[in-house]
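Visitor: no sequence for this one, just the structure:
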RNA sequence: UCCUCCGUAGCUCAACGGUAGAGCAACCGGCUGUUAACCGGUUUGUUGCUGGUUCGAGUCCGGCCGGGGGAGCCA
C-alpha cells in the first residue's frame, strides 16, 4: 500500500493502474447513485481532484455517502483506468475512513462564490479552486525569484522590519511602540518622550528595505531583499495593501542600463518558470479568470522589452491623437492612462520609461548630466501597469548631500547612507518589484486582496 | 482622503411607500458510470446598525459601520 498524492496520480497515471494506494484529502463533492457513489477528493497537491468510486459493500457506506463538502477522509483502494474521459485513472475504494466531518453549515458550497464573499472567509478560501491555484502559484513565483537570484550569484539579505528613522522616503509609516498609549510620557516641551520607549527613539515599520540593502550591496556586489513592507497610507484600491511583499535587488559597479537588463532577465525567467511548472493552473486562469492571460504572459517572456525616455514618452503622448483626461506636460507625472497608452498602444509589449524629471523622483536617484533628470526607470506592462520601479543610485557624496539638503531632508538621518559614498563608493543600481503585483500580472486576478493569504488593508485586519 | 454604487434567506439577487420572493445550496425521496450530475418535494428572514418622516418604511431622509468600483499615493 503506497501513500500517493493526487498530483502524482495524475502525472504518473499510465503506470499506476492496478496499484493499491492510500490517499488522504478533503471531499469536494459527492454524487450518489443507487448502487454506488462518486467522490471528488482533493489533497492540495494538485489543481485537479481524484475521482473515488465507492459502493455499499463498504462499512459505513451510508455515512460516507452522506458526508458533506469539506469532510476530510482517508481512502484506500485500487487505481483503475477510468471508463470516462475526464480522468485517466480513478480510485476504487476498498476502505474509506472519515477523519473529520463537515456539517451542513459549511460555508463553501459546490457552486461559484464571489471573491468578495470568499474574502470574508479567508480561513476557508484556500480550499476553493481559484485560491488553490493562486496560492500554489504564489509559492512557485516566490521560489522562482530566489532560484533566479541564487543562480545569478546574488546574496539574499534580511533587512530589518523595524526602522529607527523616518528617512526611507515618502509614505505614511506604522508606529512601533511599547509605550502605554493611555498614559504617554511627555518631555518638557509637552511632546511624546520617545527616550522612554522600547528602543529609546521613535521607531516604525519599514516601507522598503532598499536603503539597508545598499549597504550590503557595497560588500557583496549583488544582493536582494525579499520581505514584507508596510504602508500606512489610506489607500482603498484593488492594487494596494497595507502589508505587502517586495523584492529589491541591488547591484554594484552597475548603471541604469545594467539595471534594466537585470529586470528584463528576471521578469522573463520567473514568469517563464511558473508557466512551465504550473500549466494546469495557468490554463484555469486563462479560461475562468482572464481570457488571453496565458498568451499575454508568453508574449512577455518572449518579447524584447521596449525602452523610451520620459522626454520621448511625453513627445509621443503629445503627438498621439488620443484625448487624455489629464493633459501631458514635461515635468508632470505619468498618469495611469498615459502608462497604459504607452505600453499597450505605442509598444504593445513591456516597456521601460527612463530618465524622469528629478522633481518627481526620490532623492537617492542619480542626477543625470543635464541636471534636470535622474537615472530612474519604470517598467510598464500591458494590462498590468507599473510593475517595477528602479534607478541608478547617486554614488557621488557631494551630489547626494546637495540633493538631501535641496529636498529639505535632515542630513543627520542619513549619516550611514552617506558613509557608503565616502568609503569605496561605486556606481550602483537597483529596483523594487511588488510581489503581489507580479502575481496579479501572472494570474490575471484583478484585486490584490485575492493574491495574498490574509490581506491587511485600511479598516480590516481580520484573521 | 475624495467621488460613486451597494448592504434583503447559507450564497447570488428580486420586491411602485401597503405586512418579503426566486434560483442555487441544505434537508428528504427517486433515478442514472457520474463529473457545475439529473428529477420531485420540504425548510429557511430582527431586510447592516441607529435615529427620523409617515396611518404605514426593505423602499424616503440623517448619522454610523462594512463592502465594490474610480481617483490620488504608490509596489
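Guide: Cool, the structure landed. As the structure is a computational prediction, the values presented were derived from the model and not from experiment.
Visitor: which residues of the stretch 151-300 of chain A fall in helices?
Guide: A:210-220, A:256-277, A:279-284, A:293-302 (DSSP state H, counting those that start in this stretch).
Visitor: Would you mind listing the buried residues in the shortest one?
Guide: Of all the residues in helix A:279-284, those buried under the rule 16 or more other Cβ atoms under 10 Å are A:281, A:282, A:284. For every residue, glycine as well, the C-beta is placed using N, CA and C.
Visitor: helices or strands next to it in the packing?
Guide: helix A:129-151, helix A:293-302 (3 or more Cβ pairs under 8 Å, 6 or more residues apart in numbering; DSSP states H and E).
Visitor: okay, and for the stretch 151-300 of chain A, where does confidence drop off?
Guide: Scanning the stretch 151-300 of chain A for pLDDT under 70 picks out the ranges A:166-170.
Visitor: So which bits of it are right by RNA strand B?
Guide: A:170-171, A:208, A:231, A:233-242, A:244, A:246 (Cβ under 7 Å from any atom of the strand).
Visitor: how does it look with 6 Å?
Guide: Residues of the stretch 151-300 of chain A found near RNA strand B (Cβ under 6 Å from any atom of the strand) are A:170, A:231, A:233-241, A:244, A:246.
Visitor: picking that back up, relative to RNA strand B, which of the buried residues of helix A:279-284 is nearest.
Guide: residue A:284 (13.0 Å; Cβ to the nearest atom of the strand).
Visitor: Contact partners for that closest one?
Guide: Contact analysis of residue A:284 by Cβ atoms under 8 Å, 6 or more residues apart in numbering lists A:47, A:129, A:130, A:133.
Visitor: now, which of these sits nearest RNA strand B?
Guide: residue A:129 (9.9 Å).
Visitor: That closest one against residue A:49, yeah?
Guide: No. Residue A:129 sits out of contact with residue A:49 when judged by Cβ atoms under 8 Å, with a separation of 9.4 Å.
Visitor: out of those two, which sits in the more crowded spot?
Guide: residue A:49 (20 against 16; other Cβ atoms under 10 Å).
Visitor: how close does that one sit to residue A:137?
Guide: 18 Å (Cβ to Cβ, to the nearest Å).
Visitor: now swap in residue A:257 and tell me
Guide: Distance from residue A:257 to residue A:137, by Cβ to Cβ: 31 Å.
Visitor: In terms of neighbours, single out the busier of the two.
Guide: residue A:137 (24 against 15).
Visitor: what's the burial count for the residue in the stretch 1-150 of chain A that RNA strand B sits nearest to?
Guide: Of all residues in the stretch 1-150 of chain A, residue A:84 sits closest to RNA strand B, at 2.2 Å by Cβ to the nearest atom of the strand. Counted with other Cβ under 10 Å, the neighbours of residue A:84 add up to 8.
Visitor: cool, and residue A:401?
Guide: Residue A:401 is flanked by 15 other residues according to other Cβ under 10 Å.
Visitor: and if you look at residue A:85?
Guide: Other residues near residue A:85 come to 6 when the count uses other Cβ under 10 Å.
Visitor: Also residue A:52?
Guide: Neighbour tally, residue A:52, other Cβ under 10 Å: 23.
Visitor: Residue A:228 contacts residue A:245, correct?
Guide: Yes. In this structure, residue A:228 is within contact of residue A:245 by Cβ under 8 Å, at 5.5 Å.
Visitor: ok, those two, which is more surrounded?
Guide: residue A:245 (19 against 15).
Visitor: Not including adjacent chain positions, what is the nearest residue to that one?
Guide: In this structure, residue A:245 finds its nearest non-sequential neighbour in residue A:435, 3.9 Å apart by Cβ to Cβ, 6 or more residues apart in numbering.
Visitor: before we move on, the earlier item: tell me the confidence at the residue of the stretch 1-150 of chain A closest to RNA strand B?
Guide: Note for residue A:84: predicted pLDDT of 89.
Visitor: And residue A:49, by the same measure?
Guide: Looking at residue A:49, the pLDDT reads 94.
Visitor: Now it: closest residue in space that isn't a chain neighbour?
Guide: Closest to residue A:49 by Cβ to Cβ, 6+ apart is residue A:40, at 4.2 Å.
Visitor: follow-up on the earlier one: just say which of the helices and strands packed on helix A:279-284 is most tucked in.
Guide: Highest mean neighbour count among those (mean count of other Cβ atoms under 10 Å): helix A:129-151, with a mean of 19.
Visitor: Give me the angle between that one and helix A:256-277.
Guide: For helix A:129-151 against helix A:256-277, the angle by axes from the mean of the first three to the mean of the last three Cα atoms, to 10 degrees is 130 degrees.
Visitor: check contacts around residue A:172.
Guide: A:231, A:232, A:233, A:234.
Visitor: Residue A:30 belongs to a helix?
Guide: No. Under DSSP: H, G, I helix; E, B strand; the rest coil, residue A:30 falls outside any helix and is assigned strand.
Visitor: Can you get me a residue count around residue A:15?
Guide: 9.
Visitor: Regarding it, which helix or strand does it belong to?
Guide: According to DSSP states H and E, residue A:15 maps onto helix A:13-16.
Visitor: hang on, the earlier thing: hey, what's the residue nearest to residue A:49 bridged with?
Guide: residue A:29, residue A:51 (DSSP bridges).
Visitor: sec struct for residue A:99, please.
Guide: Per three-state DSSP, residue A:99 ends up strand.
Visitor: Run through the residues that contact it.
Guide: Applying Cβ under 8 Å, 6+ apart, the residues near residue A:99 are A:24, A:71, A:72, A:73, A:74.
Visitor: Can you tell me how far the residue nearest to residue A:49 is from residue A:129?
Guide: 11 Å.
Visitor: Please apply the same query to residue A:200.
Guide: With distances taken as Cβ to Cβ, residue A:200 is found 51 Å from residue A:129.
Visitor: Check residue A:194 too.
Guide: 49 Å.
Visitor: And RNA strand B, is the helix holding residue A:15 touching that?
Guide: No. Helix A:13-16 does not reach RNA strand B (Cβ under 6 Å from any atom of the strand); its nearest approach is 13.7 Å.
Visitor: quick check, distance from that helix to the centre of its chain.
Guide: 35 Å (Cα atoms, centre = their mean, to the nearest Å).
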